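Visitor: Mind looking at a prediction? Sequence and model below.
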Amino acid sequence: MKKLFFLILIFISPKGYSQVSIEYLNIVTSSANYTYVGIQYQPDYNWATLDTWNTLQNGLSARTSMYERGWGICNREYNKLMDLQLINVENKKALLAHQREVKAWADVNFSKYDLAEEKNVSSFLNYFTWIYKLPKIRDEIRLLNEINGAYQFIVSSDPNKINKGQLFEELNTVLLEMRVWNGEQLSRSLDEIILDLRQRNYTNFKNVVNGKYSRLTQFSKVPDGWHYIYALSEKDNFFGRRSVYVSNGKVTIYKGYNGEEHKIISGGSITNQHCKSVIYRFMDYFGVYKDAEVELYFLE
């Protein structure tokens with residue numbers, strides 16, 4: 001997840017800070033409690049094999065110690081199941097039905113079984129956790145885990161190097177949209193989803209800009225000085241508003257994220273209030289200098 005954000009952070013348009021909603025944040029952060037090994041759900045404590053349980057039975061002086069161990073494992077997974085919340089509407093419906101069924105069964109039967117026996121512990125766990133085997137449920141939990149990782153990365157990052165407001169907004173959009181996603185959509189990685197979202201946002205923004213530009217009936221010379229313009233970069237799916245400095249019909253300075261000024265190293269010629277290419281140099285999150293190319297529209 002970090003790789004995607006590191007590569008594209010510099011090209012995100014500035015907007016006001018927005019936080020992930022408390023409801024969704026609770027769901028996202030709690031997803032870290034659910035671990036998969038490959039496609040298999042991994043309980044907090046992988047219960048011992050039969051041989052190990054027999055060894056414990058022979059070595060422990062009190063059978064109650066084994067019961068308490070088995071009860072602890074089952075109780076932990078039962079509470080995890082009861083605490084689990086999902087966002088996708090179909091998944092929430094399936095989860096709620098399973099939670100109600102398990103609770104009704106456990107209220108009557110939990111105390112009837114000897115949890116000092118490995119086979120009983122195994123049966124309980126298989127019953128409690130079978131819903132995690134459903135591909136759509138599994139993929140949503142995995143995706144929530146990825147979103148949680150991205151959220152923690154954003155929170156802990158330097159606000160001078162990333163646009164936290166825009167990144168939070170993107171995560172919010174993903175969480176809102178995933179409510180109605182089908183299984184194929186949920187199976188995508190967060191990297192794929194964010195790239196698709198940025199492409200859609202870029203396309204929508206460019207269509208608006210092109211619409212405004214096409215309605216111009218006459219073009220005027222862009223005077224020297226600072227101008228607030230529309231900037232787009234098809235290569236990086238970047239879009240937004242930026243300030244540039246114009247001198248003698250050419251852009252000479254481009255203000256990037258947080259207002260840092262970049263000198264133009266190539267391009268910059270303005271024709272009919274449009275600059276097809278401006279190339280400037282910037283330093284990425286790792287301190288490496290890179291070149292960025294943007295297209296500018298003077299539509300003030």
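Guide: Structure received.
Visitor: Give me the contacts around the longest helix seen in the chain.
Guide: Counting by DSSP state H, the longest helix found in the chain is helix 190-214. With contact meaning CB atoms under 8 Å, 6 or more residues apart in numbering, helix 190-214 is reached by 1, 3-4, 8, 143, 146-147, 150, 170, 173-174, 230, 232, 234, 237-240, 273-274, 297, 299. C-beta coordinates here come from the backbone N, C-alpha and C atoms, glycine included.
Visitor: can you tell me which of the residues you listed are in strands?
Guide: Members of the contacts of helix 190-214 lying in strands (criterion: DSSP state E): 230, 232, 238-240, 274, 297.
Visitor: tell me the least confident of these?
Guide: Among the ones in strands among the contacts of helix 190-214, Phe238 carries the lowest pLDDT, at 88.
Visitor: right, and that residue touches Glu295 too?
Guide: No. Phe238 lies out of contact with Glu295 (CB atoms under 8 Å); the separation is 9.9 Å.
Visitor: Common neighbours of those two, please.
Guide: Residues touching both Phe238 and Glu295 by CB under 8 Å, 6+ apart: 231-232.
Visitor: how about the helices in the protein?
Guide: Taking DSSP H as the criterion, the chain carries its helices at 2-8, 22-30, 50-59, 63-83, 89-109, 118-129, 135-156, 164-177, 183-186, 190-214.
Visitor: that older thread, give me the angle between the longest helix of the chain and helix 164-177.
Guide: Here the directions of helix 190-214 and helix 164-177 differ by 110 degrees (axes from the mean of the first three to the mean of the last three CA atoms, to 10 degrees).
Visitor: where does the stretch 1-150 of the chain have low pLDDT?
Guide: Applying pLDDT under 70 to the stretch 1-150 of the chain picks out residues 1-19, 45-63.
Visitor: try 80 this time
Guide: Along the stretch 1-150 of the chain, the model assigns pLDDT under 80 to residues 1-20, 44-68, 111.
Visitor: One more: the stretch 201-300 of the chain?
Guide: When residues are selected by pLDDT under 80, those of the stretch 201-300 of the chain lie in 257-258, 284-287, 300.
Visitor: List just the nearest of the ones in strands among the contacts of helix 190-214 to Thr35.
Guide: Phe238 (35.4 Å; CB to CB).
Visitor: what is that closest one paired to in the beta sheet?
Guide: Applying DSSP bridges to Phe238 yields these beta-bridge partners: Ser233.
Visitor: measure it to Tyr202 for me?
Guide: Here the criterion is CB to CB, to the nearest Å. By it, Phe238 lies 7 Å from Tyr202.
Visitor: any shared contact partners between the two?
Guide: Common neighbours of Phe238 and Tyr202 (criterion: CB under 8 Å, 6+ apart): Leu232.
Visitor: So for those two, which sits in the more crowded spot?
Guide: For Phe238 versus Tyr202, neighbours defined as other CB atoms under 10 Å are more numerous around Phe238 (23 against 20).
Visitor: what about that one, distance to Asn163?
Guide: Phe238 is 11 Å from Asn163, by CB to CB.
Visitor: Check Lys250 too.
Guide: 28 Å.
Visitor: could you flag which of the contacts of helix 190-214 are buried?
Guide: 1, 4, 8, 143, 146-147, 150, 170, 174, 230, 232, 237-240, 273-274, 297 (16 or more other CB atoms under 10 Å).
Visitor: these two touch, right, Tyr127 and Lys103?
Guide: No. The pair Tyr127 / Lys103 is not scored as a contact, 11.9 Å apart, by CB under 8 Å.
Visitor: what about those two, which has more around it?
Guide: Tyr127 (19 against 14).
Visitor: Tell me how many other residues surround the residue nearest to the more buried one when sequence neighbours are not counted.
Guide: Leaving out its chain neighbours, the residue that sits closest to Tyr127 by CB to CB, 6 or more residues apart in numbering is Val102, at 7.0 Å. By other CB under 10 Å, the residues close to Val102 number 20.
Visitor: Against Tyr127, how distant is Gln152?
Guide: According to CB to CB, Gln152 stands 33 Å off from Tyr127.
Visitor: same question but for Arg198, I mixed them up
Guide: From Arg198 across to Tyr127, the span is 42 Å (CB to CB).
Visitor: Look at Ser266 and say how many residues are nearby.
Guide: Around Ser266 there are 11 other residues, counting by other CB under 10 Å.
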